[in-house]
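Enquirer: sequence and predicted structure below; questions after.
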Amino acid sequence: MAEAVCALDCGSNSTRLLIVDANNRTLRREMRITRLGQGVDAAGTLAPEALRRTVDVLAQYRAMMDEAVVSRGLLVATSAVRDASNGAAFLREAARVSGVEARILAGSEEAALSYAGATAGLDADERPTMIVDVGGGSTELAVAIQGVLHSYSMQLGCVRVTERALGRGVVTHASAAVAREMIGAELDRAFLAEPAFASVVGDVRVVGLAGSVSTLAQLDAGLAMYDREAVHLRHLSRRSVERWRDLLASESPEARLARPGMIPGREDVLHAGLFILAAVMARFEVDELLSSENDILDGITASILGI
């Protein structure tokens, strides 16, 4: 059987798997909501129940990897594990259960791999291309300018903003104001840390990736069932992002979950992801983005294969 390799991503909200063949063609792509980042922002540790959920999924993924005869792989952990006092212990257990090397990525590494995965195969554009990777605990911004990648990992994601500011239920004017201030302050820090960001304001192609963007694309397309071809590289206007942000913020999690296209496990945090996405689009003065279903997993497998 031909070589198969894999990438696993233990994020703050979901745990994902990509298995590809020797030519980087997808054999299997899986996602489970595990909420590894549950309470990390407040407690500073990974909760026992979150650890159990994630390790159980990794065991399921190991069986899939065995079925595909995976020869090599890499498991990466990001914001939640970076921030947790017991992150190293989780990483050791994740490596044992998955059977592959496990690493905590720095924000810059996460951004670089996400950029490589999301931009591979995109049509050429005269404008620089920037990715916005809205995760559960962090949001990566990365833009290539004259061959140099400039990136910043903002310490806010859909789970973190939900827990700190918005809550899971109907959003009040007061909590929305807190979230906007929190996001705005982090964007200020991003522009201070990466002055190059200012040079592309109003003249940049934005590619959005990860669960918040993917679920938004599915909702916007009115799809009850996931269709990768329909949501990959879907154009999403800033007006649409803001409309869905405000609509979901006005609803209970139960009402959000009843909407065709809502992914179970995202109904209590998606609105927070859209607060982040809308703020990024406004700060960079862009009217639309492309939704990409290719992301850090694709960047990792390409790196393993040396592509």
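Expert: The structure has been received and is ready for your questions. Numbering: from 1, shown residues only.

Enquirer: and E3, how many neighbours does it have?
Expert: E3 is flanked by 13 other residues according to other C-beta atoms under 10 Å. C-beta here means a position set from N, CA and C on the backbone, and glycine is covered the same way.

Enquirer: OK, contacts around the nearest residue to it once chain neighbours are set aside?
Expert: The shortest distance from E3 to any non-neighbouring residue, by C-beta to C-beta, 6 or more residues apart in numbering, is to A22 (4.5 Å). For A22, the contact set (C-beta atoms under 8 Å, 6 or more residues apart in numbering) comprises 2-5, 305.

Enquirer: redo that, cut-off 10 Å
Expert: 2-5, 71, 305, 307 (C-beta atoms under 10 Å, 6 or more residues apart in numbering).

Enquirer: can you pull out the low-pLDDT segments for the chain?
Expert: For the chain, residues meeting the criterion pLDDT under 70 lie at 1-2.

Enquirer: now render the contacts of A22 as TSV, adding secondary structure.
Expert: Formatted as TSV, the contacts of A22 follow (DSSP: H, G, I helix; E, B strand; the rest coil):
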residue	secondary structure
A2	coil
E3	coil
A4	strand
V5	strand
S71	strand
L305	helix
I307	coil
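
Enquirer: tell me which of these is nearest to R127?
Expert: Closest approach between the contacts of A22 and R127, by C-beta to C-beta: I307, at 25.2 Å.

Enquirer: neighbours of the residue lying closest to that closest one once chain neighbours are set aside, just the number please.
Expert: Excluding the flanking residues, the one nearest I307 by C-beta to C-beta, 6+ apart is N24, at 5.5 Å. By other C-beta under 10 Å, the residues close to N24 number 15.

Enquirer: so N24 makes contact with V5?
Expert: Yes: contact criterion C-beta atoms under 10 Å: N24 and V5 qualify, at 8.5 Å.

Enquirer: intersection of neighbour lists for these two?
Expert: Both N24 and V5 are contacted by 18, 301-302, 304-305, under the criterion C-beta under 10 Å, 6+ apart.

Enquirer: most widely separated two among these?
Expert: Farthest pair in these (C-beta to C-beta) is L18 and L305. Separation: 12.0 Å.

Enquirer: the more surrounded of the two?
Expert: Ranked by neighbour count (other C-beta under 10 Å), L18 and L305 place L18 first, with 25 against 15.

Enquirer: secondary structure element for the nearest residue to that one once chain neighbours are set aside?
Expert: Of all residues beyond its chain neighbours, the one nearest L18 is L297 (3.8 Å), with distances taken as C-beta to C-beta, 6+ apart. Element membership for L297, per DSSP states H and E: helix 296-305.

Enquirer: show me what that helix is packed up against.
Expert: strand 4-10, strand 14-21, strand 26-33, strand 70-77, helix 107-119 (3 or more C-beta pairs under 10 Å, 6 or more residues apart in numbering; DSSP states H and E).

Enquirer: need the winner for burial among those.
Expert: Across these, averaging neighbours per residue (mean count of other C-beta atoms under 10 Å) puts strand 4-10 on top, at a mean of 25.

Enquirer: quick one: the strands in this structure?
Expert: 4-10, 14-21, 26-33, 70-77, 101-104, 129-134, 139-145, 148-154, 205-209, 234-237, 288-292 (DSSP state E).

Enquirer: partners of the first one, with directions?
Expert: It stands for strand 4-10. Sheet pairing of strand 4-10 (DSSP bridges) gives strand 14-21 (antiparallel), strand 70-77 (parallel).

Enquirer: dump the C-alpha coordinates for it into PDB.
Expert: Provided in PDB are the C-alpha atoms of strand 4-10 (Å, rounded to 0.1, in the frame of the first residue of the first chain):
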ATOM      1  CA  ALA A   4      -0.100   7.700   4.000                       C
ATOM      2  CA  VAL A   5       0.700  10.500   6.400                       C
ATOM      3  CA  CYS A   6      -1.500  12.400   8.800                       C
ATOM      4  CA  ALA A   7      -1.900  15.700  10.600                       C
ATOM      5  CA  LEU A   8      -3.800  16.100  13.900                       C
ATOM      6  CA  ASP A   9      -4.800  19.500  15.400                       C
ATOM      7  CA  CYS A  10      -5.900  19.700  19.000                       C
END
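
Enquirer: quick one: it to chain centroid distance?
Expert: Offset of strand 4-10 from its chain centre (C-alpha atoms, centre = their mean, to the nearest Å): 15 Å.
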